[in-house]
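S.K.: all I have is the shape, not the residue letters:
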């Protein structure tokens, strides 16, 4: 994997904010942080002091021989990351061992007494370390400009991977810039790109999870319509049966039965008898048809209740479908933001300009020194 290191210089005023961020003080807005895992975070530098107090203490120690001003750079905050894929391969123990070895390298390179904090965060998606050191030169002076030159930064990018390789870690120098430092803005851009990739994975997951389900529910909704139409037709058949029954009853009312003169038996005309027999046959047939229709309506009603439940689920998933398209819209906006960040980073790349200005200042100092010697 590439050696993932980002560094940023800070004045004394910025240290307090960095302390709150890495110690999870105040309101936490970063959704990648799992509060349940914050207790797993730890500092490789053992001290009862907070970050601000540690930086201030070290600055006070070198203050007698240093020129410390209000705008002096008193701290370099460094973020060293174990990429997510590498973390999956290594596991927690080897990732922690890797960060400990990176800490050891920075102690060797910048002086253990100057490395005031090395807070390892295990409560986010990827393990990483916030390492802070006070830029004290070999002469024991607070001199950020002398300690963190482009050449020194380039040296760290080259030598740190070699140091780690010797200790069993398959790490190599990044393929990006070779003579310029990775600024915090670039780190945030990388995090933004990772967020976009994460959203793309979520979109794919949502698509695979709900597409087939929604298709099935649409088919079920069509079946509901078909069953409803069947029930409607059955109801119409029942209505016709009821009308027929009324007609039969009307015909029965028209049949006359007469009592014999010398008997209690009733007599009807042959025509009425024939009508009565036919009606009895039809009545039996329609009675059986009525029972069948009622049974069919019962079954269809149960199925309709089942499909109503499916339809409710379908409506719920339509809401999820809306959230899916909302997620797509946010993904598109993040892509636009990422492009803007990249353009801004290109504009902010002032390393060459700073190097030229430093070179010009050195030439001016030499000329001034020569002029002073001539005057003497």
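M.R.: Arrived safely, thanks for sending. For clarity, every value in this text was computed on a predicted model and none was experimentally measured.
S.K.: confirm residue 75 sits in a helix?
M.R.: No - counting by DSSP: H, G, I helix; E, B strand; the rest coil, residue 75 is located in no helix; its state is strand.
S.K.: so what's it bridging to?
M.R.: With DSSP bridges applied, residue 75 shows beta-bridge pairing to residue 10.
S.K.: I'd like the numbering to begin with 899 instead of 1 from here.
M.R.: Done: numbering now begins at 899, and the last item shifts to residue 973.
S.K.: how close does residue 947 sit to residue 938?
M.R.: Computed as CB to CB, to the nearest Å, the residue 947 to residue 938 distance reads 22 Å. Quick note: C-beta positions are derived from backbone N, CA and C, even for glycine.
S.K.: can you tell me the element residue 958 falls in?
M.R.: Assessed by DSSP states H and E, residue 958 sits inside helix 949-960.
S.K.: what mean pLDDT does that helix get?
M.R.: Averaging pLDDT along helix 949-960 yields 95.
S.K.: check stretch 1017-1027 too.
M.R.: For stretch 1017-1027, mean pLDDT is 92.
S.K.: can you check stretch 1037-1053 too?
M.R.: 92.
S.K.: so how far does that stretch reach from one end to the other?
M.R.: Separation of the first and last residues of stretch 1037-1053 by CA to CA, to the nearest Å is 20 Å.
S.K.: wait, residue 1028 touches residue 922, no?
M.R.: No - using CB atoms under 8 Å, residue 1028 is not in contact with residue 922, being 11.5 Å away.
S.K.: so which of those two has more stuff around it?
M.R.: Each of residue 1028 and residue 922 has its neighbours counted (other CB atoms under 10 Å); residue 1028 has more, 21 against 15.
S.K.: any idea how far that one is from residue 1035?
M.R.: Computed as CB to CB, the residue 1028 to residue 1035 distance reads 23 Å.
S.K.: what do you get for residue 933?
M.R.: From residue 933 across to residue 1035, the span is 41 Å (CB to CB).
S.K.: contacts only, for the closest residue to residue 997 other than its chain neighbours.
M.R.: For residue 997, ignoring the flanking residues on the chain, the nearest one in space by CB to CB, 6 or more residues apart in numbering is residue 1027 at 4.6 Å. By CB atoms under 8 Å, 6 or more residues apart in numbering, residue 1027 lies in contact with 942, 976-978, 997, 1000-1001, 1016-1019.
S.K.: ok, now residue 974?
M.R.: 905-908, 1030-1033, 1042, 1046.
S.K.: swap in 7 Å and give it another go.
M.R.: Taking CB atoms under 7 Å, 6 or more residues apart in numbering, we find residue 974 in contact with 905, 907, 1030-1031, 1033, 1046.
S.K.: ok but residue 997 is inside a helix, no?
M.R.: Yes - the assignment for residue 997, made by three-state DSSP, places it in a helix.
S.K.: was I right about it contacting residue 1020?
M.R.: No - taking contacts as CB atoms under 7 Å, residue 997 lies outside contact range of residue 1020: 9.9 Å.
S.K.: compare those two (neighbour count), which wins?
M.R.: Taking neighbours as other CB under 10 Å, residue 997 and residue 1020 compare with residue 997 leading, 22 against 18.
S.K.: how close does that one get to residue 959?
M.R.: Counting by CB to CB, the gap from residue 997 to residue 959 is 27 Å.
S.K.: now residue 1127
M.R.: To residue 959, residue 1127 is 89 Å away according to CB to CB.
S.K.: quick one: which of those two has more around it?
M.R.: Applying other CB under 10 Å to residue 1127 and residue 959 shows that residue 959 carries more neighbours, namely 15 against 10.
S.K.: now do the more buried one against residue 1231, distance only.
M.R.: Here the criterion is CB to CB. By it, residue 959 lies 49 Å from residue 1231.
S.K.: just want to know which of residue 933 and residue 1035 has more residues nearby.
M.R.: A count of neighbours by other CB under 10 Å puts residue 1035 above the other of residue 933 and residue 1035, at 16 against 9.
S.K.: that older thread, restricted to helices, list the contacts of residue 974.
M.R.: Counting by DSSP state H, no part of the contacts of residue 974 is found in helices.
S.K.: check those residues and tell me the two furthest apart.
M.R.: By the measure CB to CB, 1030 and 1046 form the most distant pair in these, at 13.0 Å.
S.K.: out of these two, which sits in the more crowded spot?
M.R.: residue 1030 (26 against 19).
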